[in-house]
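Asks: Okay, structure incoming, though there's no sequence with it:
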């Protein structure tokens with residue numbers, strides 16, 4: 001969710017401030033950042049399809065970062081792009097594997113069910 005908030009802030013600063021990128025790129029950064037924030041909230045409450053939404057937003061921000069690097073720096077350095085990709089894969093893996101099932105098929109982490117059983 002922090003990366004989404006960063007994308008929203010960076011898009012707004014560039015859109016309203018010293019515009020170094022096209023308005024379409026800044027608007028896309030705002031939309032994808034908002035999409036990632038919303039997806040982060042939906043992943044937290046385990047809404048179906050939220051992980052796919054988060055993955056789409058992360059891939060969109062990754063492709064936009066490639067576009068922006070070409071415009072801002074005149075070249076695309078592979079190290080930051082690889083770091084972003086590893087970060088995205090790590091976030092998706094943590095969200096996917098964060099669900100732990102007990103022996104009876106129920107998920108752990110829901111405090112209301114644990115207190116009722118005791």
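Replies: Ah, there it is. Keep in mind the model is a prediction, meaning the values are calculated, not measured. Numbers count the residues shown, from 1 in each chain.
Asks: only C-alpha atoms for contact and neighbour calcs from this point on.
Replies: OK.
Asks: how much space between residue 88 and residue 74?
Replies: For residue 88, the distance to residue 74 equals 24 Å [C-alpha to C-alpha, to the nearest Å].
Asks: mind listing the helices for this structure?
Replies: Secondary structure of the chain (DSSP state H): helices located at 2-16, 23-44, 50-73, 78-97, 111-117.
Asks: Mean pLDDT and mean neighbour count added to those, as CSV?
Replies: Below are these laid out as CSV (pLDDT from 0 to 100; neighbours: other C-alpha atoms under 10 Å):
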stretch, mean pLDDT, mean neighbour count
helix 2-16, 88, 17
helix 23-44, 91, 20
helix 50-73, 85, 17
helix 78-97, 81, 13
helix 111-117, 53, 8
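Asks: Against residue 60, how distant is residue 31?
Replies: 10 Å.
Asks: typo on my end, residue 50
Replies: 15 Å.
Asks: From residue 41, how far off is residue 65?
Replies: From residue 65 over to residue 41 the distance is 23 Å, taken as C-alpha to C-alpha.
Asks: just residue 78 next, same as before
Replies: 30 Å.
Asks: tally of neighbours for residue 74?
Replies: 9 (other C-alpha atoms under 10 Å).
Asks: quick one, phi/psi of it?
Replies: Note on residue 74: its backbone torsions stand at phi 80, psi 0 [degrees, to the nearest 10].
Asks: Enumerate every residue touching it.
Replies: Contacts for residue 74 (C-alpha atoms under 8 Å, 6 or more residues apart in numbering) come out as none.
Asks: residues touching residue 1, list them.
Replies: Residue 1 touches 36-37, 40-41, counting by C-alpha under 8 Å, 6+ apart.
Asks: ugh, typo on my part, it should be residue 18
Replies: The contact partners of residue 18, by C-alpha under 8 Å, 6+ apart, come to none.
Asks: per-residue confidence at it?
Replies: Note on residue 18: pLDDT of 78.
Asks: and it, how far is that from residue 12?
Replies: 10 Å.
Asks: For residue 89, give its distance to residue 75.
Replies: 24 Å.
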